[in-house]
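Enquirer: Structure for the following, please:
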Amino acid sequence: MIFESSAQFVKSVFHVNDSDSKATPFSPPFLFVVLVITWATWRFWKFTLKPALNPGDPKEYPYWIPVLGQAPKFMKDSQGLFSEAREYFGNTREPFAITIMGQLIYVITNPEDLQTLYKSTSTLTFDGFIKDFFKKEGVTSEAVEIMFTKQAKRQKKVVAHAGEDFFKQQLQPGGHLQPLFATIQAKISDCIQLDSLSPKTVVSTTESSKTISLLEFCHAVLVKPVSTAVFGNVLYEVEPKLSEIFRKFDDNSWKMNYELPRLVAPDVYAAKDEIRAAMLRYIKLPSETRQDAAWIIHALEDELRSAGISEEDIASFFFGPFWTINGNAYKHLFWVLSYILFDPQLHATIKEEVLPAVAAGMVGLDSRLESCPHLIALYQEVLRVTTSSVTVRDVLSDTKMGKVTLRKGAKAFAPTRQLHFDSLVFGDHSEDFDAGRFLRNKELSKSGSFRPFGGGITHCPGRWLAMKEILVCVALVITRFEVELVGGQDFPKIDTKMLALGVLPPVKGEDVLVTLRKK
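Expert: Below you'll find the model as predicted:
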């Protein structure tokens, strides 16, 4: 019936009768009829018959063009697509499926299902994502193969998985974290001085004040201090403009996330190449010139060299840690300071709370700030509102998740932003920013719906370092200066449409102008 009516419709539109069709079987109208019938058959099978025959599979969000699937919507606004599909299925929060360029992707938006995703380590793997990430960095296929097959000399694991453990040893509380943060804190403190501000940060100057770009300021007080603390001071001797190059890369990194070719996105690849070249010059330096690098850099380099990885591939690999330690923190700081400065009452509350902690000195400042309830609640709410991380897994074999089964060969996505705005968890006004939300309900920070740093084996090990960096920066800024907004500004818009791997940036061109005065 469907096919018959489709053919009749096309014939009526193009005025094609049966005798014409028989006489010219390859005429455009006839071929168009065949195409329409084929398409109608595919769509009936894909979204009607197949789901009826496989009720245990996640339902797939319909699309019109085979293979292409939801790719255009995904590239235009990935979070909008996830929300649209979730609402299409009645907001049941059962896993659903989308297709992007022929790849079937299951989207997980239920915290209970997320626990299954984290625990199913034998059937849902992260290795494919890591391999692709290494290759995006520029690591050769041969080197990636070595990392995932050769045993590390320090552990009974392959080199790649040993590297994951090194990050945990360096960045989790205890062990190597505190010495690293002490170095970072000292460098940050030196940057947050009126006379030490980066020239790129300052918009105008008077005898007693400086007006700054808040976004540039946040970038300046975090990227270089953290990079030199991790890789050693010599990194910026190798490439003095590394912060500027990284900013060019980071502003355009979404193009690499979408895997746009170099021809279409030369800016992001050119910046990446410059950073990799700087890393190669860094790696080639005598080891004694890099003794002030963090423990993890020495541990990773030793393992990679022992595995037979070339210096070129080590340089490409190090691009990854450089990106991850710098790509989110400065944006998060920008949003925390923005919310403070646009709310005078919040500004006064936070300032009053952190003053005693700062007055007690720099030693132990991070620990004292972690005991400031209003500051911590603000930090958490900003994470909830501005984070757009995605947990990714490859489905190695059929995996039961709630009432449905994830099928082998697909991918599973868990976009945390879909959890962070669940009104059943965060209240009727979950779409709004509320600095006191986590203060009034301290259980929210433990909720399975609050996942700014992911979870399971891929729970971001840098979450403690990131928090310490942000809290110290905020406390020093609002206690060392009289901070005022330049008048007539609107709150910057969050770029929610961008496919980001962490904290979302402001919409391009949006910034906050702030005047700093010495106390």
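Enquirer: Who are the contact partners of Arg93?
Expert: With contacts defined as C-beta atoms under 8 Å, 6 or more residues apart in numbering, Arg93 is in contact with 86, 109-110, 113. Yep, even glycine has a C-beta here, placed from its N, CA and C like the rest.
Enquirer: redo that, cut-off 6 Å
Expert: Neighbour list for Arg93: 109-110 [criterion: C-beta atoms under 6 Å, 6 or more residues apart in numbering].
Enquirer: i'd like the first residue to be 15 from this point on
Expert: All right, first residue 15 from here; so that's Arg107.
Enquirer: How about the secondary structure of it?
Expert: Under the three-state scheme (DSSP: H, G, I helix; E, B strand; the rest coil), Arg107 adopts coil.
Enquirer: where does it sit relative to Arg421, distance-wise?
Expert: Spatial separation of Arg107 from Arg421 under the definition C-beta to C-beta, to the nearest Å is 20 Å.
Enquirer: so who does the nearest residue to Thr154 once chain neighbours are set aside touch?
Expert: The spatial neighbour of Thr154 that comes closest, neighbours along the chain excluded (C-beta to C-beta, 6 or more residues apart in numbering), is Asp327 at 5.7 Å. If a contact means C-beta under 6 Å, 6+ apart, then Asp327 has 153-154, 157 as its contacts.
Enquirer: in a strand, that's where Val497 is, yeah?
Expert: Yes - secondary structure of Val497 (three-state DSSP): part of a strand.
Enquirer: mind pulling up the phi and psi values for Pro254?
Expert: phi -60, psi -20 (degrees, to the nearest 10).
Enquirer: One more: Ala111?
Expert: Backbone dihedrals for Ala111, given as degrees, to the nearest 10, come out at phi -120, psi 150.
Enquirer: Can you name the residues in contact with the helix or strand containing Asp265?
Expert: Take DSSP states H and E as the rule and Asp265 turns out to sit in helix 256-271. Taking C-beta under 6 Å, 6+ apart as the criterion, the residues outside helix 256-271 that touch it are 150, 237-238, 250, 279, 281-282, 285-286, 288-289, 292, 341, 512-513.
Enquirer: Now the helix or strand following that helix: buried residues?
Expert: Sequence order places helix 280-298 as the next helix or strand after helix 256-271, per DSSP H and E. Buried residues in helix 280-298, counted by 16 or more other C-beta atoms under 10 Å: 282-283, 285-286, 288-290, 292-294, 296-297.
Enquirer: Repeat that for stretch 160-180.
Expert: Neighbour counts using 16+ other C-beta under 10 Å place 160-161, 164, 166, 172-177, 180 of stretch 160-180 among the buried residues.
Enquirer: Could you do stretch 513-530 as well?
Expert: Within stretch 513-530, the residues scored as buried using 16+ other C-beta under 10 Å are 513-520, 524-530.
Enquirer: burial of Lys64, as a residue count?
Expert: 12 (other C-beta atoms under 10 Å).
Enquirer: With Glu496 instead?
Expert: Counted by other C-beta under 10 Å, the residues lying close to Glu496 total 12.
Enquirer: For it, give the beta-bridge partners.
Expert: Here Glu496 shows beta-bridge partners Arg531, assigned using DSSP bridges.
Enquirer: wouldn't it be in contact with Arg531 here?
Expert: Yes - taking contacts as C-beta atoms under 6 Å, Glu496 lies within contact range of Arg531: 4.2 Å.
Enquirer: Okay, helices next: where are they in the stretch 115-264 of the chain?
Expert: Taking DSSP state H, counting those that start in this stretch as the criterion, the stretch 115-264 of the chain contains helices spanning 125-133, 141-151, 155-161, 173-185, 191-205, 228-245, 248-252, 256-271.
Enquirer: quick one: low-confidence ranges for the stretch 415-533 of the chain?
Expert: Low-confidence segments of the stretch 415-533 of the chain, defined by pLDDT under 70, are absent.
Enquirer: hang on, I meant the chain
Expert: 15-40.
Enquirer: those strands in it, which residues are they?
Expert: Across the chain, reading from the start of the chain, the strands by DSSP state E fall at 73-74, 110-114, 117-121, 138-139, 216-219, 223-227, 404-409, 413-415, 418-420, 425-429, 495-499, 527-532.
Enquirer: Just the closest of the buried residues of stretch 513-530 to Leu229, please.
Expert: Lowest distance from Leu229 to these (C-beta to C-beta) belongs to Asp525, with 4.9 Å.
Enquirer: residues in contact with that closest one?
Expert: Here Asp525 is in contact with 227, 229 (criterion: C-beta under 6 Å, 6+ apart).
Enquirer: one more time with 8 Å, if that's ok
Expert: By C-beta under 8 Å, 6+ apart, the residues touching Asp525 are 227-230, 506.
Enquirer: which two in these are spaced the farthest apart?
Expert: Pairwise across the contacts of Asp525, and taking C-beta to C-beta, the largest span is found between Glu230 and Pro506, at 13.3 Å.
Enquirer: Name the nearest residue to Phe332, ignoring sequence neighbours.
Expert: On the basis of C-beta to C-beta, 6+ apart, the spatially nearest residue to Phe332 that is not a chain neighbour turns out to be Met293, at 4.8 Å.
Enquirer: quick one: the one you found from Tyr393, how far?
Expert: According to C-beta to C-beta, Met293 stands 31 Å off from Tyr393.
Enquirer: before we move on, what about Glu457?
Expert: In this structure, Glu457 and Tyr393 are separated by 17 Å, where distance is defined by C-beta to C-beta.
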